[in-house]
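[1] Build the 3D model from these lines:
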Amino acid sequence: MPHIALPEDMPGITAGFAFCPDTAKPMRELAHILLHTSGTDGFSSRDRELIAAFVSSRNTCYFCQTSHGAAASHLNGGDQTLVEAVCRDYRTAPVSEKLCALLAIAEQVQIDGKRVTSQLVENARQSGATDFEIHDTVLIAAAFCMFNRYVDGLATVQPRNSEMYVEMGKRMAEKGYAAAPQPAP
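    I've put the predicted structure just below:
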């Protein structure tokens, strides 16, 4: 049960956003830029969503891990095995050397930003990551720590309906985050 009077028909972060539209707007815009519209060659929305799902898994935020994992899966042709492998152990997941190096940075940001070392950054560069990709990885990881704590700190409702997350992931992957979803009829 949520700690405050959130809309009962909206799960996870959507309930917090509906409760306070003034803070929802910039948070949605940030997510949209980081995950949907921002990008460079080789740093796709799929990879960005994988970082979001990975950080959320480390923060044990079921709603964000599952919804962003569903978005990454949708962007990966509907295959969930990559998301599962990354969340289980990105070091052995079938991802590029560059994405593995970026996930290593995200892992440290999730714990404490001060744990990102110049060696981790150099490893990412040696793997082909640009400064822009390193920047966005740090910001995605930091933002998802905030989003995860927002979802869990309000004790939002986090349904275990896998089909709901598949549909949500499809919508996020195709339309992004700027528009507010409407409450269920």
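
[2] CA atoms for contacts and neighbours, from now on please.
    Will do.

[3] Let me know the helix or strand that the residue positioned nearest the centre of the chain is in.
    The structure's the chain has its C-alpha centroid closest to Ala52; by CA atoms, centre = their mean the separation is 2.2 Å. Assigning secondary structure by DSSP states H and E places Ala52 in helix 45-58.

[4] likewise Gly16?
    Per DSSP H and E, Gly16 falls inside helix 12-19.

[5] Ok, Ala93 next?
    Assignment of secondary structure by DSSP H and E places Ala93 within no helix or strand.

[6] Quick check, pLDDT for it.
    Looking at Ala93, its pLDDT is 98.

[7] Same check on Ala179?
    At Ala179, the model reports a pLDDT of 76.

[8] Contacts only, for the closest residue to it other than its chain neighbours.
    Of all residues not flanking Ala179 in the chain, Arg28 sits nearest, at 7.8 Å (CA to CA, 6 or more residues apart in numbering). The neighbourhood of Arg28, defined by CA atoms under 8 Å, 6 or more residues apart in numbering, consists of 177-179.

[9] Tell me the buried residues within those residues.
    Members of the contacts of Arg28 that pass the buried threshold by neighbour count (16 or more other CA atoms under 10 Å) are listed as 177-178.
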